[in-house]
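Asks: 3D, please:
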Amino acid sequence: MVSLQSISVVMTIPSHVASNLLHPLSVCLNVFLFLARSSFYDLLLLRMHYRNFILPSSCISHNLISKEAIRKKRLIDGELKGFGQLHPCSQGIGTLGTIYSLALFPNRAPSGTVLLLNYIGGATNPGILSKTEGELVEALDCDLRKILINPSAKDPLVLGVRVWPQAIPQFLVGHLDLLDTAKTALRVSGFHGLFLGGNYVSSVALGRCVEVAYEVAAEVKDFLSQYAYH
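Replies: Down below sits the predicted model:
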């Protein structure tokens, strides 16, 4: 094990992992907070706030299929174009969405084939954790045959399946309040150089994650400026 000392640390790990790391600090922090008469910001409460961030399970599957398997009406000039498709629960399928990977990133699949990235799970479908990879692939394939590929098409080549028991944070009502409380708890507890980042802080959108990364970097710069030589 390597031990490092730092004036500032940015935690971009998932909220439940951050909770496990911060919890051991609760004993000494409780003493500090008792003396400061600020027990509301107990780190144990902070841990509870981290645990309250909702991260439903999710699964993705990479499928390689023949272009001929795609329904003709889904093609534009003979190609599957666009970013992909999203599906509301009212549509009656379990798949959350499908990304047309080859349309976004050319030359990632052999000629005459289409590469698809499928998502299933989420807050409305927690049962995916009880299913095998084979069952998840079958469910995704069944949905694709209802909306994108021909029902009689050959089975796709499954390139990979990955299940995340705790995946995308849900920005429900009160999420930002919990986040503000967690940040305030760190400051009141004396952890001024500890900053929070990651998709539960910003949003699940990649672009927003990058924007918030710049914002956190600016906060760290301002914090470290007090230690700079002038």
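Asks: so how far is Tyr100 from Ile76?
Replies: Distance, Ile76 to Tyr100, by Cβ to Cβ, to the nearest Å: 11 Å. C-beta coordinates here come from the backbone N, C-alpha and C atoms, glycine included.
Asks: between these two, who's got more neighbours?
Replies: Legend: neighbour count by other Cβ atoms under 10 Å for Ile76 and Tyr100, higher for Tyr100 (20 against 10).
Asks: next, give phi and psi for the more buried one.
Replies: Backbone torsions of Tyr100, given as degrees, to the nearest 10, read phi -80, psi 80.
Asks: distance of it from Glu135?
Replies: For Tyr100, the distance to Glu135 - Cβ to Cβ - is 24 Å.
Asks: equivalent analysis for Cys89, please.
Replies: Per Cβ to Cβ, Cys89 is found 20 Å from Glu135.
Asks: buried sites along the longest helix belonging to the chain?
Replies: Ranked by number of residues, the top helix in the chain under DSSP state H is helix 206-225. By 16 or more other Cβ atoms under 10 Å, the buried positions in helix 206-225 come out as Cys209, Val212, Ala213, Val216, Val220.
Asks: nearest to Leu21 among those?
Replies: Val216 (17.6 Å; Cβ to Cβ).
Asks: returning to what we had before: now for Ile76 and Tyr100: what residues contact both?
Replies: Shared contacts of Ile76 and Tyr100 (Cβ atoms under 8 Å, 6 or more residues apart in numbering): Gly82.
Asks: hang on, the earlier thing: now the longest helix of the chain, how far from the chain's geometric center?
Replies: Centroid separation for helix 206-225 versus its chain: 19 Å, with Cα atoms, centre = their mean, to the nearest Å.
Asks: so which bits of stretch 198-207 are buried?
Replies: Gly198, Asn199, Tyr200, Val201, Ser202.
Asks: equivalent analysis for stretch 135-142, please.
Replies: Quick answer for stretch 135-142 (16+ other Cβ under 10 Å): Leu136, Val137, Ala139, Leu140, Asp141.
Asks: same check on stretch 94-107?
Replies: Buried residues in stretch 94-107 (16+ other Cβ under 10 Å): Gly94, Thr95, Leu96, Thr98, Ile99, Tyr100, Ser101, Leu102, Ala103.
Asks: nearest to Asn125, of these?
Replies: Gly94 (5.7 Å).
Asks: what sits against the closest residue to Leu104 other than its chain neighbours?
Replies: With sequence-adjacent residues excluded and distances taken as Cβ to Cβ, 6 or more residues apart in numbering, Leu104 is closest to Phe83, at 6.6 Å. Neighbour list for Phe83: Ile99, Tyr100, Ala103, Leu104 [criterion: Cβ under 8 Å, 6+ apart].
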